[in-house]
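1. generate coordinates for the sequence data below:
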Amino acid sequence: MMGWASGRHALITGGGSGIGAATARMLAAEGAKLSLLGRRREPLDAVASEVGASVFACDITDRKAMDAAFAAARDANGPFDYVILNAGIGDSAPFARTSRASFDAIIATNLTAVFDGAQLALADLLGGDGKRLIVVASVAGLKGGAYAAPYVASKHGAVGLVKSLALEFAKTNLTVNAICPSFVDTPMVDDSAARISRVTKRSEDESRAALAALNANGRLITAEEVAASIVNLCHPLSRSINGACVTIDGGTSA
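-> Numbering: from 1, shown residues only. A predicted model of the protein is given here:
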């Protein structure tokens, strides 16, 4: 399929569901070659069967495994043009009851893996024109949030990393940007609703409605709405958008 991304190679972490899968579909429609990374092979294969992507199952918190997956993706589809670091996890608990193990797991996935992914892709992203590094962060990276200290800390770190890299490489052909959605209708929100349901004894539907109500527009953001902003940042005409935190929250942070 021909489009403005024809022949360009996009690597997406967390590409088997939610925002990653929606982004894969949209970039495929523009002609991009796709490499999808994630822990679970089955959902990656399901998306790949739709869009003709290459699949590389790996634990992104393992630098050596990530290095091997990036190398295999490069061998399959050529140098990276767009690297979208989307994989993430969340949890919620009072700070006093938050375990060090939970903190370490969230930081490893949401921040350290972003650092590793950016480094592993950097040589490709500094060669050629129109290169993009996009990190899916969160509005939690722009403000505080009760009962989610590790998640908020990880997303603040991711936003800070994006801003630093954007300045460091501002005079190259690489742009570095963050996407900062609020509550999105993805498996992560499903998990959050399940946790709320267990604690409050409300139904999962009621818990999902409570999360949706935290968005100013009163509904959950769709994965496709977030993916559309990611794809827009990949567009050739977005080359002057650099160091941005694109907020997608229905007006919550207005």
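2. mind listing the strands for the protein?
-> When assigned using DSSP state E, the strands of the chain occupy the ranges 9-13, 33-38, 54-57, 82-85, 131-136, 174-181, 245-248.
3. in TSV, list those strands along with mean neighbour count, distance to residue 104 and mean pLDDT.
-> No exception for glycine: its C-beta is placed from N, CA and C like everyone else's. Formatted as TSV, the strands of the chain follow (neighbours: other Cβ atoms under 10 Å; distance: least, Cβ to Cβ, whole Å; pLDDT from 0 to 100):
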stretch	mean neighbour count	distance to residue 104	mean pLDDT
strand 9-13	28	19	98
strand 33-38	26	20	98
strand 54-57	20	22	98
strand 82-85	28	19	98
strand 131-136	26	20	98
strand 174-181	26	23	98
strand 245-248	19	25	96
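4. out of the ones you listed, which is closest to residue 165?
-> Residue 165 sits nearest to strand 174-181 of all those, at 4.3 Å, using Cβ to Cβ.
5. beta partners of residue 34?
-> Under DSSP bridges, the beta-bridge partners of residue 34 are residue 10.
6. mind listing what it touches?
-> For residue 34, the contacting residues are 9-12, 15, 24, 27-28, 48, 51-54, 77, by Cβ atoms under 8 Å, 6 or more residues apart in numbering.
7. could I get the strands of the chain as CSV with distance to residue 91?
-> Below are those laid out as CSV (distance: least, Cβ to Cβ, whole Å):
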stretch, distance to residue 91
strand 9-13, 19
strand 33-38, 19
strand 54-57, 23
strand 82-85, 19
strand 131-136, 17
strand 174-181, 18
strand 245-248, 22
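8. any idea which of those strands gets closest to residue 203?
-> The nearest among those, by Cβ to Cβ, is strand 174-181 at 24.6 Å.
9. could I have the CA atoms of the closest one written out in CSV?
-> The C-alpha atoms that make up strand 174-181 are tabulated as CSV, following Å, rounded to 0.1, in the frame of the first residue of the first chain:
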residue,chain,number,x,y,z
LEU,A,174,15.5,13.3,14.6
THR,A,175,12.5,14.6,16.6
VAL,A,176,11.6,13.3,20.1
ASN,A,177,8.1,13.7,21.5
ALA,A,178,5.9,12.4,24.2
ILE,A,179,2.2,11.4,23.9
CYS,A,180,0.4,12.1,27.2
PRO,A,181,-3.1,10.6,27.3
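10. how big is the angle separating it from strand 131-136?
-> 20 degrees (axes from the mean of the first three to the mean of the last three Cα atoms, to 10 degrees).
11. strand 174-181 pairs with which strands?
-> strand 131-136 (parallel), strand 245-248 (parallel).
12. I figured residue 154 hits residue 115, correct?
-> No. Residue 154 lies out of contact with residue 115 (Cβ atoms under 8 Å); the separation is 11.2 Å.
13. between those two, tell me which one has more neighbours.
-> Between residue 154 and residue 115, counting by other Cβ atoms under 10 Å, residue 154 is the more crowded of the two (29 against 15).
14. could you pull out the helices in the protein for me?
-> In the chain, the helices defined using DSSP state H lie at 18-29, 41-51, 63-77, 100-107, 113-125, 149-168, 187-200, 204-213, 223-234.
15. and these as JSON lines, adding distance to residue 91 and mean pLDDT?
-> Below are the helices of the chain laid out as JSON lines (distance: least, Cβ to Cβ, whole Å; pLDDT from 0 to 100):
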{"stretch": "helix 18-29", "distance to residue 91": "17", "mean pLDDT": "97"}
{"stretch": "helix 41-51", "distance to residue 91": "21", "mean pLDDT": "97"}
{"stretch": "helix 63-77", "distance to residue 91": "22", "mean pLDDT": "98"}
{"stretch": "helix 100-107", "distance to residue 91": "5", "mean pLDDT": "97"}
{"stretch": "helix 113-125", "distance to residue 91": "16", "mean pLDDT": "98"}
{"stretch": "helix 149-168", "distance to residue 91": "7", "mean pLDDT": "98"}
{"stretch": "helix 187-200", "distance to residue 91": "8", "mean pLDDT": "77"}
{"stretch": "helix 204-213", "distance to residue 91": "14", "mean pLDDT": "79"}
{"stretch": "helix 223-234", "distance to residue 91": "20", "mean pLDDT": "97"}
